[in-house]
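In: model this:
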Amino acid sequence: MDLDYGEGMSILFGNDLSGIILGIILFFIGYIFYFRKKKYSNYKLCLLLVLFIYMTMVIGVTLTPFPINSSEIKFMQEFYKGFDYYNLVLFKNVLYLFDQFILNIILFIPFGILYPLYKEKINFKFTLLSSFIFTLIIETLQFAFSTIFQAPAWFFDINDIVANVLGGIIGFIIIKIIIKAIALFSYKRKNN
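Out: Numbers count the residues shown, from 1 in each chain. Got it, this is the predicted structure:
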C-alpha cells in the first residue's frame with residue numbers, strides 16, 4: 001500500500017533547538033508568575049532552567065509528532081495499523097529492542113541528577129518515586145494519544161518505565177558520588 005503523506009502537519013519538538021527555546025519560554029513564564037515570588041537563589045534558578053529545558057525536550061521526544069489535522073491522523077492510522085497500543089509484559093522484546101531500552105535509561109539519567117538537586121532532597125526513595133511518576137505520566141499520555149487518535153504512534157511500555165526509573169537511579173548514584181567527592185576534596189583542602 002502506498003501511503004501518501006499529503007498535506008499532513010504535525011507538531012514536533014524536543015531533540016532540537018525548538019525544545020530548548022520552548023523550555024526557556026516555559027521557565028520564564030514560571031519565573032514571572034511563581035518563581036520570582038519564591039525568591040530563589042541564582043543557583044536554584046539555573047537548576048530550574050536546565051530542568052525545564054530537559055523536561056521539555058523529554059516530553060517532545062516522547063510525545064511527538066503530534067498530528068494537527070485529519071490527513072496526518074489518517075496517515076498515522078494507516079501506518080500503524082496492526083501495531084499494539086501497549087505492552088504490559090515485563091522484558092518482552094527487550095533483547096530485540098535493546099538499543100531503545102538503553103536509550104530510555106540514558107534519557108532519564110539527567111532527571112536523576114537535576115531533580116534531586118533542585119528539590120534539595122538527595123535521597124534514594126525520593127528519586128525513585130519522582131522518576132517513576134514522571135515516566136508514568138509520559139507513558140499514560142502516550143497510551144491516551146494512541147487511543148484518542150486510534151494510531152499507536154505512541155506506545156505504553158512497562159519496559160520504558162523500568163528503563164526510565166533505572167536511568168533516574170543511575171543519575172542519583174552519579175550525583176551522590178559527585179557530592180561525596182566534592183565534600184572529600186573540600187575536607188582534604190581545608191585540612192592541608
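In: Just list the residues touching the spatially most central residue of the chain, thanks.
Out: The residue lying closest to the centre of the chain (Cα atoms, centre = their mean) is residue 58, at 3.3 Å. Taking Cβ atoms under 8 Å, 6 or more residues apart in numbering, we find residue 58 in contact with 14, 107, 108, 111, 138. To be clear about C-beta, it is placed using only N, CA and C from the backbone, and glycine gets the same treatment.
In: can you pull the pLDDT of residue 45?
Out: Looking at residue 45, its pLDDT reads 93.
In: How is the closest residue to residue 22 other than its chain neighbours assigned, secondary-structure-wise?
Out: Closest residue in space to residue 22, ignoring its immediate chain neighbours: residue 56 at 5.0 Å, by Cβ to Cβ, 6 or more residues apart in numbering. Applying DSSP: H, G, I helix; E, B strand; the rest coil to residue 56 yields a three-state assignment of helix.
In: In contact with residue 54, which residues?
Out: Contacts for residue 54 (Cβ under 8 Å, 6+ apart) come out as 23, 110, 111, 114.
In: Likewise for residue 48?
Out: 27, 30, 35, 40, 118.
In: what about burial for these, which qualify?
Out: 27, 35, 40, 118 (16 or more other Cβ atoms under 10 Å).
In: tell me the phi and psi of the spatially closest residue to residue 155 that is not a sequence neighbour?
Out: Once flanking residues are discounted, residue 155 sits nearest to residue 142: 6.0 Å by Cβ to Cβ, 6+ apart. Per-residue torsions, residue 142: phi -60, psi -40 (degrees, to the nearest 10).
In: Could you pick out which of the contacts of residue 58 are located in strands?
Out: Among the contacts of residue 58, none falls in strands (DSSP state E).
In: Looking at these, which is nearest residue 179?
Out: Minimum separation from residue 179 among the contacts of residue 58 (Cβ to Cβ) is found for residue 111, which lies at 16.7 Å.
In: my read: that closest one touches residue 138, true?
Out: No - Residue 111 is beyond contact range of residue 138, at 11.0 Å (criterion: Cβ atoms under 8 Å).
In: In helices only, show me the contacts of residue 54.
Out: Among the contacts of residue 54, the members found in helices (DSSP state H) are 23, 110, 111, 114.
In: How about the last one: what's its closest non-neighbour residue?
Out: Read it as residue 114. Take residue 114 and drop its neighbours on the chain: the residue closest to it by Cβ to Cβ, 6+ apart is residue 51, 4.8 Å away.
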